[in-house]
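Trainee: No letters, just coordinates:
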């Protein structure tokens, strides 16, 4: 087979005004077509009969998988052969489409607390259009709790072992992320005594490489002989973008009723002021458009959010350098990022690339941050901040935050 | 009122700059936590009270022993490896009266010797992962599995009761979880746990390292295939099948994520839309 790609000699071309021939590399598409993500026309990874299985395990947070978990799933999908199915086991709910994660079979294990996010879907579906829409009425629904599910790793391990016993996966991929998944993967390795590689920094069909610290300043890597059965991946080892989709079928698992040896006495959050900006879950951030600093601080306190700032606001001396977010400041990974009066320079967008939900309040509808944001409010930042402060205080008075106790 | 026995497993660490053998910070945290647990159980005020406002703030009030708390506890510091290692004396300086060093030859599994040694202890404390070598963090899990006891990972603070232990667990994003289990238990201490031990040279001179012979011979470990990391690791990615023009477009233009844009309405209505969005994605709980 000849590896050289032959190009047709008479490719479509256009003539410029100067009479120069320009080859058209790709059929021109109207703008609206190009803006759409091209996920719909990805091919299936495999259409044959699955003889073997690889398994990816992840915990979802409020229905979403984080980038680390998606990377572990992508690793399973990328390393799977044509006759291998990718099975995904998720503890918690999953909002995303499993097929677009490259998953052929999906098993969901709902968490054992009442963290249902299905109650607030009724009147808020109107804001999904990309064009300018009118304001949706606020829903008086009871919001879901923020607390993570109760800690019961032995029950999760029993579920995982049941699934492994059923589908007999060749490899099991987990993100090595400390508590939920890194903990579960190590419990699995201890229970099964299978081959395991932790903190994997590079992997291929031939094997996995883990970080290894010798007694010199040089960095070392430990190599495994062949790909181990349990692979715990370090972050950013795998590119999660996949050129294919999976079947995304639901696979049921008989519910397992087991009691845990651990008693969860509940979770509490530290006040936002005590948490590092990189670790904060909710951040309100101010840019050049924010002039009312006292009102902005009141809003952050009412929301219980950490305060960030753009480079312009920091250079002006309105915020300390430690609160700067962006390429020269901090890179944050909040679940919700509220940007007030920030246009969104590339350097700032770099700093918020790991944020899950970005809400922009800006006077300029053509600002780059509006394109990045999941919800954009085009208005004066000060009036919106005041209105939001009043709204938050009203909502807090109406729904006092419930204390969750798993006892 | 029983006397609890606490075992702290220590390893030889690696200095982050020079690479010299020294005490391991993670294991020193475990030793520090063990001393704190004993102080609390005895009803003395916690040593690091001003430091309690750190990452582990808000634990149960110090000097307030819970009902049924054990009267006292012994701390045994145990190491498996080479008893002649001079770095072990660092743990004496950090507050250990004596270090029990079980002799396990290099290249042998320490798990069997440790399981044999810590059987019968109420609480086994260790760091999350070793500083030298692979540092997989698997030892506490294998130990708990072999002893058939619960394992509590990522512990910041712990409080002993008569037949249970209540630990504060580190979660990311500024959250802390309280998890309790029955005794005996294995506790893996989180690297961000409060550390208030001091290096006292006199204690290092006064204490001693007791060498023991392992009663269980560990299995030989498979030789590690280790290579220097001279090139950065290759990221596993799907083969790029897009044309050059598509890649150029993707790199130079920023596509809209398709988020909602609200231009009409009063500020109050827009604020309600923000609140509705936050509620819909369970980002706020009011």
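Mentor: Okay, I see it. All values reported here derive from a predicted model rather than from experimental measurement. Numbering: from 1, shown residues only, chains lettered A, B, ... in the order given.

Trainee: since we're on residue B:182, how many residues are nearby?
Mentor: Look at residue B:182: counted by other Cβ atoms under 10 Å in any protein chain shown, it has 14 neighbours. C-betas here are computed from N, CA, C, even on glycine.

Trainee: what's the distance between it and residue A:154?
Mentor: 12 Å (Cβ to Cβ, to the nearest Å).

Trainee: ditto for residue A:396
Mentor: 37 Å.

Trainee: which one of those two has more residues nearby?
Mentor: residue A:154 (18 against 15).

Trainee: so what's the closest residue to residue A:195 other than its chain neighbours up against?
Mentor: Closest residue to residue A:195 apart from its sequence neighbours, by Cβ to Cβ, 6 or more residues apart in numbering or on different chains: residue A:228 at 3.9 Å. Shown in contact with residue A:228 (Cβ atoms under 8 Å, 6 or more residues apart in numbering or on different chains): A:171, A:194, A:195, A:196, A:197, A:207, A:208.

Trainee: Got a quick ChimeraX command for the buried subset of those?
Mentor: A single ChimeraX command selects the buried members of the contacts of residue A:228 (16 or more other Cβ atoms under 10 Å in any protein chain shown):
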select /A:171,195,196,197,207,208
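
Trainee: Kindly present the contacts of residue A:228 as CSV, with separate columns for secondary structure and pLDDT.
Mentor: Formatted as CSV, those follow (DSSP: H, G, I helix; E, B strand; the rest coil; pLDDT from 0 to 100):
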residue, secondary structure, pLDDT
A:171, coil, 94
A:194, coil, 90
A:195, coil, 89
A:196, strand, 90
A:197, strand, 90
A:207, strand, 84
A:208, strand, 87
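
Trainee: and of the contacts of residue A:228, the nearest to chain B?
Mentor: residue A:196 (7.0 Å; Cβ to the nearest Cβ).

Trainee: Specify the beta-bridge partners of that closest one.
Mentor: Residue A:196 has these beta-bridge partners by DSSP bridges: residue A:230.

Trainee: Make sure I have this right: residue A:253 is in a strand.
Mentor: No. Per DSSP: H, G, I helix; E, B strand; the rest coil, residue A:253 lies outside any strand segment and is coil.

Trainee: correct me, but it touches residue A:159?
Mentor: Yes. Shown here, residue A:253 and residue A:159 form a contact pair, counting by Cβ atoms under 8 Å, at 7.0 Å.

Trainee: which of the two has more neighbours?
Mentor: Each of residue A:253 and residue A:159 has its neighbours counted (other Cβ under 10 Å); residue A:159 has more, 22 against 13.

Trainee: where's residue B:241 relative to residue A:44, distance?
Mentor: 15 Å.

Trainee: out of the two, which sits in the more crowded spot?
Mentor: Counted by other Cβ under 10 Å, residue B:241 and residue A:44 do not tie: residue A:44 has more neighbours, with 13 against 7.

Trainee: can you list contacts of the helix or strand where residue A:371 lies?
Mentor: Element membership of residue A:371 [criterion: DSSP states H and E] is helix A:368-372. For helix A:368-372, the external contacting residues (Cβ under 8 Å, 6+ apart) are A:339, A:342-346, A:348-349, A:352, A:358, A:360, A:362, A:364, A:376, A:378, B:254-257, B:259, B:261.

Trainee: In strands, which of the residues you listed fall?
Mentor: Per DSSP state E, strands hold the following members of those: A:339, A:358, A:360, A:362, A:376, A:378, B:261.

Trainee: which ones are touching the residue most central in space within chain A?
Mentor: Ranked by distance to the mean C-alpha position of chain A (Cα atoms, centre = their mean), the top residue is residue A:66 at 3.0 Å. By Cβ under 8 Å, 6+ apart, residue A:66 lies in contact with residue A:356.

Trainee: ok, now the one 3 residues further on?
Mentor: If a contact means Cβ under 8 Å, 6+ apart, then residue A:69 has A:58, A:59, A:60, A:175, A:177, A:181 as its contacts.

Trainee: which of the residues in stretch A:71-85 are buried?
Mentor: By neighbour count on 16+ other Cβ under 10 Å, the buried set for stretch A:71-85 is A:71, A:72, A:73, A:74, A:75, A:76, A:77, A:78, A:79, A:80, A:84, A:85.

Trainee: Test my guess that the second one contacts residue A:177.
Mentor: No. Judged on Cβ under 8 Å, residue A:72 makes no contact with residue A:177 at a distance of 9.1 Å.

Trainee: So, low pLDDT: which residues of the stretch 101-250 of chain A?
Mentor: Confidence mapping of the stretch 101-250 of chain A against pLDDT under 70 gives the ranges A:112-147, A:214-218.

Trainee: Can you show me the strands along it?
Mentor: A:105-109, A:132-133, A:172-175, A:196-203, A:208-213, A:219-223, A:230-233, A:249-250 (DSSP state E, counting those that start in this stretch).

Trainee: next one: the stretch 251-400 of chain A
Mentor: Assigned by DSSP E, counting those that start in this stretch, the strands in the stretch 251-400 of chain A fall at A:262-269, A:282-286, A:306-309, A:336-340, A:357-362, A:375-378.

Trainee: Walk me through the domains of chain A.
Mentor: Structural domains annotated on chain A: A:52-115+A:149-250, A:272-395, as defined by automatic domain parsing.

Trainee: Give me the distance from the first one to the chain's centre.
Mentor: Looking back up the chat, that one is domain A:52-115+A:149-250. 15 Å (Cα atoms, centre = their mean, to the nearest Å).

Trainee: Just give the number of residues close to the closest residue to residue B:256 other than its chain neighbours.
Mentor: Leaving out its chain neighbours, the residue that sits closest to residue B:256 by Cβ to Cβ, 6+ apart is residue A:371, at 4.3 Å. Residues within reach of residue A:371, counting by other Cβ under 10 Å, total 20.

Trainee: how close does residue A:58 get to residue A:297?
Mentor: Applying Cβ to Cβ, the value for residue A:58 to residue A:297 is 37 Å.

Trainee: ok, now which ones touch the closest residue to residue A:187 other than its chain neighbours?
Mentor: Leaving aside its sequence neighbours, residue A:187 sits nearest to residue A:157 (Cβ to Cβ, 6+ apart; 5.0 Å). Neighbouring residues of residue A:157 by Cβ under 8 Å, 6+ apart: A:184, A:187, A:188, A:191.
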